[in-house]
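J.: Pasting a predicted model and its sequence here:
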Amino acid sequence: MLPSARCSTSLHVAFETFDRSATSVNVASRGVASLLALGGYLLLAAAWEAFVVDLWTALAGGRSIRRRLEETPSG
């Protein structure tokens, strides 16, 4: 094999290795981004739930939902 052919083969192998490692990093970064997005959605859901409970409590005249249900006679 000629020296230039060996050099080009080595470069080809190096680029393939780099491409595989770049793909692995890309997959890992997409995984991290997905986890961060999921965390954001969970925080948004918790904030929305707290807002709805506060709004319901305000509309119920300041009494919590649980206390209001306890005061209602069960039939």
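T.: Structure received.
J.: lowest-confidence helix or strand of this protein?
T.: Across the helices and strands of the chain, mean confidence by mean pLDDT, DSSP states H and E is lowest for helix 65-71: a mean of 68.
J.: so how far is L44 from T57?
T.: 20 Å (C-beta to C-beta, to the nearest Å). Heads up, the C-betas are built off the backbone N, CA and C, glycines and all.
J.: quick one, which of those two is more surrounded?
T.: T57 (15 against 10; other C-beta atoms under 10 Å).
J.: and the more buried one, which of the three is it?
T.: Following DSSP: H, G, I helix; E, B strand; the rest coil, we place T57 in the helix state.
J.: go on, G61?
T.: coil.
J.: in the protein, which ranges drop under the pLDDT threshold?
T.: 1-15, 17-25, 62-69, 72, 74-75 (pLDDT under 70).
J.: please redo it, this time with the cut-off set to 50
T.: 1-4 (pLDDT under 50).
J.: tell me which element P73 is part of?
T.: When elements are assigned from DSSP states H and E, P73 belongs to no helix and no strand.
J.: give me the number of residues near it?
T.: 4.
J.: With G61 as the reference, measure out to it.
T.: 18 Å.
J.: Can you tell me how far R30 is from L44?
T.: Applying C-beta to C-beta to R30 and L44 gives a distance of 21 Å.
J.: cool, and V27?
T.: 26 Å.
J.: ditto for A50
T.: Taking C-beta to C-beta, one finds A50 at 11 Å from L44.
J.: can you tell me which helix or strand S34 belongs to?
T.: helix 3-59.
J.: list the buried ones in stretch 32-52?
T.: Of the residues in stretch 32-52, none has enough neighbours to count as buried (16 or more other C-beta atoms under 10 Å).
J.: please begin residue numbering at 427 from this point
T.: With the count now opening at 427, the last piece we talked about shows up as stretch 458-478.
J.: Only alpha carbons, please: show that stretch as PDB.
T.: Taking C-alpha atoms only, stretch 458-478 is exported to PDB below (Å, rounded to 0.1, in the frame of the first residue of the first chain):
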ATOM      1  CA  VAL A 458     -30.700  15.900  28.100                       C
ATOM      2  CA  ALA A 459     -32.900  18.400  26.300                       C
ATOM      3  CA  SER A 460     -35.800  16.100  26.500                       C
ATOM      4  CA  LEU A 461     -35.400  15.700  30.200                       C
ATOM      5  CA  LEU A 462     -35.100  19.400  30.700                       C
ATOM      6  CA  ALA A 463     -38.300  19.900  28.600                       C
ATOM      7  CA  LEU A 464     -40.100  17.200  30.700                       C
ATOM      8  CA  GLY A 465     -39.000  19.000  33.900                       C
ATOM      9  CA  GLY A 466     -40.300  22.300  32.500                       C
ATOM     10  CA  TYR A 467     -43.700  20.700  31.700                       C
ATOM     11  CA  LEU A 468     -43.900  19.300  35.200                       C
ATOM     12  CA  LEU A 469     -43.200  22.700  36.800                       C
ATOM     13  CA  LEU A 470     -45.700  24.300  34.500                       C
ATOM     14  CA  ALA A 471     -48.300  21.700  35.500                       C
ATOM     15  CA  ALA A 472     -47.600  22.200  39.200                       C
ATOM     16  CA  ALA A 473     -47.900  25.900  38.800                       C
ATOM     17  CA  TRP A 474     -51.200  25.600  36.900                       C
ATOM     18  CA  GLU A 475     -52.600  23.200  39.600                       C
ATOM     19  CA  ALA A 476     -51.600  25.600  42.400                       C
ATOM     20  CA  PHE A 477     -53.300  28.500  40.500                       C
ATOM     21  CA  VAL A 478     -56.500  26.500  40.000                       C
END
